[in-house]
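Trainee: Model the following, please.
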Amino acid sequence: MTSERETYAALMQAGAVRAGAARIFALAEAGALPGLTLHLDRLDEAADRVVAVTKARYPDLSVPLHSRWRHFETGGLDRWGMLAAAREFSNPRQAARAAGDLAVVSVLLDAGAGPAWRYREELTGETLARSEGLAVASLAMFAGGMFSGVPADPLRADAVVLARLTEEELAGGLQAGPDNPVVGLAGRTQLLARLAHVMENRRDLFAIEDDPRPGGLIDALLAEARDDMLPAATILDVVLDGLAPVFPGRIELIGLPLGDTWPHPSLAGPDVGSDLVAFHKLSTWLALSLIEPLDLAGVTVTDLDGLPGLAEYRNGGLFLDTGVLALADPADAAREHPVDSPLVVGWRGMTVALLDLLADAVRARLGVSAAAFPLACVLEGGSWAAGRAIAYEHRADGSPPLSVESDGTVF
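Mentor: Predicted coordinates:
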């Protein structure tokens, strides 16, 4: 029998995401996944769509990694580069910490904003929505010193400031209000407060060279590097070690929270936690988004496919909208589902498993290797954009094919 401690350790590492997804996929192959049916003959259409979008966005196939930094570059404007040039950091590690601050805070604010919310960027006059809007809004808040506890240095985030940030202040930064509602505002505010609490308690990860700040993770990750190289899975392992307590109201084992981990009743067995499936979506998104700050510090991240796919609604929506997955009950498309429902857990598990199959099909069509075109490039090229495009083909507001109740901390 597996102990709770062993189960916890297994679920809180990068490899757990693909392991859980494989168990969900096995159910689907056997026709035993409640709520969903699998149609692998439709995978060709999904791959063809991703290839078409990739070639349109990156004709030379020089695809950057999928991360928060792509959203900061919306409209082809290097907003971070402009900020960093104006700040004139004294050394690469200082710049890397600041970039880490921005990445962590922005990713934690990145759960779906909902279809009604909009953000008008003062710099460009452009109106943005969804992930791009949240990214640019968080960057503007960061640039304005909203998260800094050092008046002379606005480009940082500090635990003492994040701990006291109010819902009204965050709403102001997001330009949110009754006429411009953003989903999960309270959840996002609480998430930043919990982040502050965790940073104070884990100074070994967040305060090695400075006061507790999100970018302190960069120093912790640099300590894990060997010969200035770091496996991508190690980033996720460190993120999970540090940030799992940030996420509220989650399942616990040995008194510790499991983060983005949920039960699926069809997997229940005699071992403790046998029904649990880990996704760690925001943590994986953050791990991807810390690669570029680490590069600023002179560290090369290796083995990029050690990071799993993102179990979120654009990638998952691509598979539902192309028919690779089908709802057993079509009426489920009109309902809103809890994030811990078997249908949503099954959908997310299938998304992770199918992304690896999709990546192989996309690479074959593009004539590229996995080493040259890791999953993070497939996502960016990509599956996420193709999922958004087909969503707008099927639904005027671009909403996903399956509606999930959001508290601002998962999607």
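
Trainee: now the helices for the stretch 151-300 of the chain?
Mentor: Read by DSSP state H, counting those that start in this stretch, the stretch 151-300 of the chain holds these helices, from start to end of the chain: 159-164, 167-173, 185-201, 203-206, 216-224, 232-243, 281-289, 291-296.

Trainee: Select, out of those, the one closest to Gly317.
Mentor: helix 281-289 (14.0 Å; Cβ to Cβ). C-betas here are computed from N, CA, C, even on glycine.

Trainee: where along the stretch 1-150 of the chain do the helices fall?
Mentor: In the stretch 1-150 of the chain, the segments counted as helices under DSSP H, counting those that start in this stretch are 4-11, 15-29, 43-57, 68-72, 79-87, 92-108, 130-143.

Trainee: Which helix in this protein has the most residues?
Mentor: Taking DSSP state H as the criterion, the chain has its longest helix at helix 342-366.

Trainee: other SSEs contacting that one?
Mentor: In this structure, helix 342-366 makes packing contacts with helix 15-29, strand 36-38, helix 43-57, strand 261-263, strand 276-278, helix 313-321, strand 325-327, helix 375-378, judged by 3 or more Cβ pairs under 8 Å, 6 or more residues apart in numbering; DSSP states H and E.

Trainee: out of the helices of the stretch 151-300 of the chain, deepest packed?
Mentor: For the helices of the stretch 151-300 of the chain, ranked by mean neighbour count under the definition mean count of other Cβ atoms under 10 Å, the leader is helix 281-289 at a mean of 26.

Trainee: Determine how far that one lies from the middle of the whole chain.
Mentor: Computed by Cα atoms, centre = their mean, to the nearest Å, the chain-centroid distance of helix 281-289 equals 4 Å.

Trainee: That one to helix 313-321, inter-axis angle?
Mentor: Helix 281-289 runs at 110 degrees relative to helix 313-321, counting by axes from the mean of the first three to the mean of the last three Cα atoms, to 10 degrees.

Trainee: could you say what helices and strands helix 281-289 packs with?
Mentor: With contacts defined as 3+ Cβ pairs under 8 Å, 6+ apart, the packing partners of helix 281-289 are helix 68-72, helix 92-108, helix 232-243.

Trainee: For these, give me JSON lines that also has mean pLDDT and distance to Ser138.
Mentor: Conversion of the helices and strands packed on helix 281-289 to JSON lines gives the following (pLDDT from 0 to 100; distance: least, Cβ to Cβ, whole Å):
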{"stretch": "helix 68-72", "mean pLDDT": "95", "distance to Ser138": "9"}
{"stretch": "helix 92-108", "mean pLDDT": "96", "distance to Ser138": "4"}
{"stretch": "helix 232-243", "mean pLDDT": "96", "distance to Ser138": "17"}
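
Trainee: Dump the helices and strands packed on helix 342-366 into CSV; add distance to Leu134 and mean neighbour count as well.
Mentor: Below are the helices and strands packed on helix 342-366 laid out as CSV (distance: least, Cβ to Cβ, whole Å; neighbours: other Cβ atoms under 10 Å):
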stretch, distance to Leu134, mean neighbour count
helix 15-29, 23, 20
strand 36-38, 29, 19
helix 43-57, 20, 18
strand 261-263, 24, 22
strand 276-278, 24, 25
helix 313-321, 14, 27
strand 325-327, 27, 19
helix 375-378, 20, 27
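
Trainee: Redo those as JSON lines? Include distance to Thr166.
Mentor: Rendered in JSON lines, the data for these read as follows (distance: least, Cβ to Cβ, whole Å):
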{"stretch": "helix 15-29", "distance to Thr166": "34"}
{"stretch": "strand 36-38", "distance to Thr166": "41"}
{"stretch": "helix 43-57", "distance to Thr166": "39"}
{"stretch": "strand 261-263", "distance to Thr166": "30"}
{"stretch": "strand 276-278", "distance to Thr166": "32"}
{"stretch": "helix 313-321", "distance to Thr166": "29"}
{"stretch": "strand 325-327", "distance to Thr166": "40"}
{"stretch": "helix 375-378", "distance to Thr166": "35"}
